[in-house]
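Asker: When you get a sec, could you give me coordinates for this:
(one chain, ligands or ions: 1)
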Amino acid sequence: MDLFDKCHQFTEARMAQAAGLYPYFIPFSESEGTVVYDGDHRLVMIGSNNYLGLTTHPKVRQAAIRAVEQFGTSCTGSRFLNGTLEMHRELERRLAEYVNKEAALVFSTGFQVNLGTISALVGKGEYVITDKEDHASIIDGCRLAMGTMKRFRHNDMADLERVLSSLPHEAGKLIVVDGVYSMGGDLAPLPEIIALGKKYNARLMVDDAHSIGVLGGGRGTAAHFGVTEDVDLIMGTFSKSFASLGGFIAGDEAVIHYIQHHARSLIFSASMPPSNVAAVLAALEVMQEEPERIERVNAIGDRMRQAYRAMGYNVGESQTPIIPIIIGDDMRTLMTWKRLYEEGVYVNAVIPPGVPPNKSLLRTSYMATHTDEQLDFVLDVFERVGREMGLI
Ligand SMILES: Cc1ncc(COP(=O)(O)O)c(C=O)c1O
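Answerer: Next up, the predicted model:
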């Protein structure tokens with residue numbers, strides 16, 4: 001066998017493309033946030049993580065442009081060596097203050113935060129315990145760690161207790177959960193997880209990729225539940241509400257200092273470019289100056305969830321502006337995706353391995369900048385296509 005034989009035999013994606021049922025890697029010719037164009041075809045975007053609509057905010061744009069003018073396009077080096085600017089430090093100070101932790105550390109992507117943090121902390125003879133629906137970057141961080149990974153059923157506290165109680169009490173343990181689950185839009189029950197963590201000597205890390213800027217007045221899931229002190233590490237990304245690219249980990253100063261000197265995805269990778277840092281700093285300011293954006297995105301989430309439910313769609317346990325339309329069957333999911341696309345609505349089609357088998361769904365997500373007219377249009381299309389496809 002030649003190494004590349006598997007590449008020549010990989011035909012699934014090409015067959016889906018030929019059938020017009022391939023929803024991935026679509027290149028848009030224009031994107032203004034809530035509206036995108038595929039050539040001349042206009043689509044209302046309900047598949048983005050731009051929750052506060054800040055990618056096109058004048059202050060955020062201007063901050064990025066000014067940073068390019070002042071510092072150029074890249075730091076061309078690792079944070080560890082030549083790649084730290086004063087603005088990286090300033091962002092770390094402001095983020096720590098925002099999420100109410102002693103210190104924060106900025107990485108070049110959220111994925112790298114999870115890879116670097118988990119692998120730095122969980123050593124040989126120690127354990128990392130994850131929810132089965134945790135994000136891929138958490139799973140990969142666990143695979144890189146020298147310690148042992150254990151998993152519990154999604155949001156099932158009895159199963160978490162079963163796992164924790166089976167481990168040596170004195171061994172170091174880290175529970176890692178998503179604050180808001182990226183496909184289901186449901187929340188991790190942090191108060192219960194914290195109680196179990198205390199009982200079984202485990203630390204807690206929460207991935208707030210989808211909650212920063214949305215829950216807890218923007219400060220994330222721990223703030224939403226009022227349990228910030230009991231969440232040891234808060235992780236966030238800049239690729240969603242912060243309208244940029246990068247990510248951070250926040251916690252006690254000594255822990256962050258340790259991660260800073262042990263996380264390989266930080267040390268051996270180039271730092272966030274100045275324009276990305278400046279965009280996050282500006283976005284953080286706008287989030288605090290314009291809290292109505294946070295209220296609006298949540299109100300839109302509530303409105304759409306109720307409307308989909310009233311039509312007869314299955315939206316699972318969503319409590320946030322991420323609303324899955326659960327269909328189950330892969331082919332039906334792709335065909336519905338295609339009809340919505342033709343009618344001018346962009347959603348994300350998620351089939352295994354993105355979700356467990358028979359749990360295929362259309363992931364919809366909303367922005368504070370969606371207009372009521374756009375949302376009416378989306379609901380009208382969903383009603384027509386849903387009936388046509390026999391979903392409602
Ligand atoms: C829950 C979660 N964690 C981490 C990440 C990775 O973030 P980034 O896009 O900054 O690499 C994502 C992004 O998809 C995510 O949804």
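Asker: isn't residue 39 right up against residue 28?
Answerer: No - Residue 39 is beyond contact range of residue 28, at 9.1 Å (criterion: CB atoms under 8 Å). C-beta here means a position set from N, CA and C on the backbone, and glycine is covered the same way.
Asker: Could you say which helix or strand holds residue 363?
Answerer: Here residue 363 is covered by strand 360-365, with elements defined by DSSP states H and E.
Asker: Tell me which residues of the next helix-or-strand element following that strand come out buried.
Answerer: Using DSSP H and E, the helix or strand that follows strand 360-365 in sequence is helix 372-388. Residues of helix 372-388 classed as buried: 374, 375, 378, 379, 381, 382, 383, 385, 386 (neighbour count, 16 or more other CB atoms under 10 Å).
Asker: coming back round to it: what angle do the strand holding residue 363 and helix 372-388 make?
Answerer: Taking axes from the mean of the first three to the mean of the last three CA atoms, to 10 degrees, one finds strand 360-365 and helix 372-388 inclined to each other by 170 degrees.
Asker: Okay, now the sheet partners of strand 360-365, with direction.
Answerer: Sheet pairing here is set by DSSP bridges, and for strand 360-365 it gives strand 322-328 (antiparallel), strand 348-350 (antiparallel).
Asker: in stretch 26-36, what's buried?
Answerer: So stretch 26-36, judged by 16+ other CB under 10 Å, has buried residues 33, 34, 35, 36.
Asker: Now find how far off-centre it is within its chain.
Answerer: 20 Å (CA atoms, centre = their mean, to the nearest Å).
Asker: What's the end-to-end length of it?
Answerer: 11 Å (CA to CA, to the nearest Å).
Asker: if we look at that stretch, which residues are touching it?
Answerer: 37-39, 42-45, 48, 50, 53, 55-56, 346, 367, 369-371, 374 (CB atoms under 8 Å, 6 or more residues apart in numbering).
Asker: Go through those and flag which are in helices.
Answerer: If you go by DSSP state H, the contacts of stretch 26-36 have residue 374 in helices.
Asker: Can you say which of the contacts of stretch 26-36 are buried?
Answerer: For the contacts of stretch 26-36, buried by 16+ other CB under 10 Å: 43, 44, 45, 48, 50, 53, 55, 346, 367, 369, 370, 374.
Asker: Columns distance to the ligand on top of those, output as a markdown table?
Answerer: Converted to a markdown table, the buried ones among the contacts of stretch 26-36 look like this (distance: CB to the nearest ligand atom, whole Å):
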| residue | distance to the ligand |
| --- | --- |
| 43 | 21 |
| 44 | 22 |
| 45 | 16 |
| 48 | 12 |
| 50 | 12 |
| 53 | 18 |
| 55 | 14 |
| 346 | 17 |
| 367 | 16 |
| 369 | 20 |
| 370 | 20 |
| 374 | 24 |
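Asker: Would you mind naming what in the stretch 1-150 of the chain lies close to the ligand?
Answerer: Residues of the stretch 1-150 of the chain lying near the ligand by CB under 6 Å from any ligand atom: 109, 110, 111, 114, 135, 137.
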